[in-house]
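> No sequence on hand, only this structure:
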């Protein structure tokens, strides 16, 4: 499912217009992104938690040459699914 299909599904399930559904989805994405930028986590009960994890610096290899390269530490976004979501998928 891509973004436009998700907007269509939101419109169908909520009774909102496609334009309103698109704005609502953009607002949710923007809010989650802003919270993660502030190193905060977003928890949606029954769905899951969006959070930022720290990835340590490490040594990698260039697959073409085999030369070692230094990969610096980074903050990466992560999602931890909630129990209800896990149960719905299984």
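On my side now, so go ahead. Since we're looking at a predicted model, the values are computed, not measured. Numbering: from 1, shown residues only.

> This structure: strands as residue ranges?
Assigned strands in the chain, in chain order: 42-44, 48-55, 58-61, 68-71, 74-81 (criterion: DSSP state E).

> measure the closest residue to residue 31 other than its chain neighbours to residue 56 for me?
Counting by Cβ to Cβ, 6 or more residues apart in numbering, residue 42 is the residue found nearest to residue 31 once chain neighbours are left out, at 7.6 Å. Heads up, the C-betas are built off the backbone N, CA and C, glycines and all. Counting by Cβ to Cβ, to the nearest Å, the gap between residue 42 and residue 56 amounts to 24 Å.

> neighbour count winner among the two?
Taking other Cβ atoms under 10 Å, residue 42 and residue 56 do not tie; residue 42 has more neighbours (17 against 8).

> from memory that one sits against residue 34, does it?
No - judged on Cβ atoms under 8 Å, residue 42 makes no contact with residue 34 at a distance of 9.5 Å.

> Quick check: bridge partners of the closest residue to residue 62 other than its chain neighbours?
Sequence neighbours aside, residue 69 is the residue nearest to residue 62 in space, at 5.7 Å (criterion: Cβ to Cβ, 6+ apart). On the basis of DSSP bridges, residue 69 is bridged to residue 60.

> tell me the pLDDT at residue 69?
Per-residue confidence (pLDDT) for residue 69: 95.

> do the one 4 residues further on as well
Residue 73 carries a pLDDT score of 97 in this model.

> In contact with it, which residues are there?
Contact partners of residue 73, counting by Cβ atoms under 8 Å, 6 or more residues apart in numbering, are 54-57.

> likewise residue 18?
7-8, 11.

> For the residue nearest to residue 43 when sequence neighbours are not counted, grab the count of nearby residues.
Excluding the flanking residues, the one nearest residue 43 by Cβ to Cβ, 6+ apart is residue 49, at 4.6 Å. Neighbour count for residue 49, taken as other Cβ under 10 Å: 14.

> does residue 49 really touch residue 83, like I thought?
No - Residue 49 is not in contact with residue 83 according to Cβ under 8 Å; the separation is 11.5 Å.

> starting at the chain centroid, how far to stretch 26-40?
A distance of 10 Å separates the C-alpha centroid of stretch 26-40 from that of its chain, computed with Cα atoms, centre = their mean, to the nearest Å.

> Good, we can wrap up now.
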